[in-house]
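Trainee: Please find the sequence and the predicted model below.
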Amino acid sequence: MDNKYKLIVDYFGKERFKFEEPLKDYTALGVGGPAKLFFIAFTQAELIKIIKLCRQLKLRFFIFGTGSKIMFSDNGFDGLVIKNRTKNIHVVSVKGIVSKIGIGVEEALIEVESGVSLNKLVEFLDNNSFSAMEFKNITGTVGGNLFVNGFLQTRTKSIKVLDSDSEKEEISYLELSLKKHIILSAVFSAKSKY
């Protein structure tokens, strides 16, 4: 094993990696050869750390989410493939209304990590009495969709990214660049159902 890969494997532990993992098992289309090294990031801290290590070691890496909008070559990927499974969703703030019948929530700002699927976001919104209609029927994760889905971009209040210098930064969707940013999370506005 190359010394660069060994450093990353030693840092996280060998049990966290798969070697020569077939990528076809992780895509909707079921195509793709083996990744030299494969890792699943479950937390934002893990995602940031492994990206920083790859950049410091000048190691090729690729990040993806659900695999619903991607196709890997049958030749595979000669580097580290990172599956983003970050999963946190939380309410950042609420805007309420006061009326004769009581106090209620009118709108909330919800922060969603980039590895969260849009289906999970819809489930969270439904379970917490927020309107989810506009997010339904969008496949993939928040992170991947923000680069390609104009509707979703316009629903964001802010996006937290890791820039090309591996620094965390908060930007608007208008500043978002596939070449410069790795999305960590996004804040969306959600209206109450009631």
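Mentor: Noted; the coordinates are in hand. Residues are numbered from 1 along each chain as shown.
Trainee: Now the residue nearest the centre of the chain: closest residue in space, sequence neighbours ignored.
Mentor: Most central in the chain under C-alpha atoms, centre = their mean is residue 114, positioned 2.1 Å from the mean C-alpha point. Spatial nearest neighbour of residue 114, excluding adjacent residues (C-beta to C-beta, 6 or more residues apart in numbering): residue 143 at 2.9 Å. (Glycine included, C-beta is placed from N, CA and C.)
Trainee: Give the rounded mean pLDDT of the host helix or strand of the one you found.
Mentor: Taking DSSP states H and E as the definition, residue 143 sits inside helix 142-148. Per-residue pLDDT values across helix 142-148 average out to 94.
Trainee: Now it: buried residues?
Mentor: 142, 143, 144, 145, 146 (16 or more other C-beta atoms under 10 Å).
Trainee: any chance of those residues in a markdown table, with distance to residue 89 too?
Mentor: Formatted as a markdown table, these follow (distance: C-beta to C-beta, whole Å):
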| residue | distance to residue 89 |
| --- | --- |
| 142 | 9 |
| 143 | 13 |
| 144 | 16 |
| 145 | 15 |
| 146 | 15 |
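Trainee: Give me the contact list for the lengthiest helix in the chain.
Mentor: Criterion DSSP state H: the longest helix present in the chain is helix 44-57. Here helix 44-57 makes contact (C-beta atoms under 8 Å, 6 or more residues apart in numbering) with 4, 7-8, 11-12, 39, 41, 59-61, 63, 80, 82, 84, 86, 88, 113-115, 162, 166, 168, 182, 184-185.
Trainee: now the residues you listed: which count as buried?
Mentor: Buried among the contacts of helix 44-57 (16+ other C-beta under 10 Å): 4, 8, 39, 41, 59, 61, 63, 80, 82, 84, 86, 113-115, 162, 182, 184-185.
Trainee: out of those residues, which are inside strands?
Mentor: 39, 41, 61, 63, 80, 82, 84, 113, 162, 182, 184, 185 (DSSP state E).
Trainee: What residue spans form the domains of the chain?
Mentor: Using automatic domain parsing, the domains assigned to the chain come out as 3-84, 89-191.
Trainee: returning to that earlier point: of all the ones in strands among the buried ones among the contacts of helix 44-57, which two lie farthest apart?
Mentor: 80 and 185 (21.9 Å; C-beta to C-beta).
Trainee: where's residue 166 relative to residue 154, distance?
Mentor: 28 Å (C-beta to C-beta, to the nearest Å).
Trainee: so where's this structure uncertain?
Mentor: 1, 98-99, 101-103 (pLDDT under 70).
Trainee: try 90 this time
Mentor: For the chain, applying pLDDT under 90 flags the ranges 1-4, 69, 94-107, 129, 133-134, 191-194.
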